[in-house]
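Trainee: Build me a model from this:
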Amino acid sequence: MQNLKNPDLLVAFGKHLRSLRKKKNLSMKHLADVANIEYSQIARIERGVINTTVTTAHAIAKALEISFYKLFEFELPEKKKKGK
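Mentor: Now for the predicted structure:
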């Protein structure tokens, strides 16, 4: 079976989540409390360490008071070509 983990995607998602959270002036702790998830889970998602579940992403979107799809409105960074 192919490894489906994409570190670039996880990091980009985490950076986007951090940006959305900061726009709402929320701490990670407050977001975690409102979303009813562990603070450490928010921290790991924002650092791109874990691949979160759909249900957790939904809880985060509700806590941020945004549409679920807004969590996924971000661009992946361009990959640098080797040797250039």
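Trainee: after the strand or helix carrying residue 42, next one along is what?
Mentor: Residue 42 belongs to helix 39-47 when assigned by DSSP states H and E. Remark: after helix 39-47, the chain's next helix or strand is helix 54-64, criterion DSSP H and E.
Trainee: Run through who's touching stretch 30-50.
Mentor: Here stretch 30-50 makes contact (CB atoms under 8 Å, 6 or more residues apart in numbering) with 7, 10-15, 17-18, 21, 26, 28-29, 52, 56, 59-60, 62-64. Quick note: C-beta positions are derived from backbone N, CA and C, even for glycine.
Trainee: ok, now with 7 Å
Mentor: By CB atoms under 7 Å, 6 or more residues apart in numbering, the residues outside stretch 30-50 that reach it are 7, 10-11, 14, 17-18, 21, 28-29, 52, 56, 59-60, 63.
Trainee: wait, what's in contact with residue 73?
Mentor: By CB under 7 Å, 6+ apart, residue 73 lies in contact with nothing.
Trainee: Give me the pLDDT value at it.
Mentor: We have a pLDDT of 97 for residue 73.
Trainee: Sticking with the spatially most central residue of the chain, tell me its helix or strand.
Mentor: When CA atoms, centre = their mean is applied to the chain, the residue found nearest the centroid is residue 14 (3.4 Å). Secondary structure assignment for residue 14, by DSSP H and E: helix 7-23.
Trainee: Which SSE is immediately downstream of that helix?
Mentor: According to DSSP H and E, the helix or strand after helix 7-23 is helix 28-35.
Trainee: Flag every buried residue along that following helix.
Mentor: By 16 or more other CB atoms under 10 Å, the buried positions in helix 28-35 come out as 28, 31-32, 35.
Trainee: Next one: residue 57 from residue 79, what distance?
Mentor: 24 Å (CB to CB, to the nearest Å).
Trainee: In terms of neighbours, single out the busier of the two.
Mentor: Between residue 57 and residue 79, counted using other CB atoms under 10 Å, the more crowded position is residue 57 (17 against 7).
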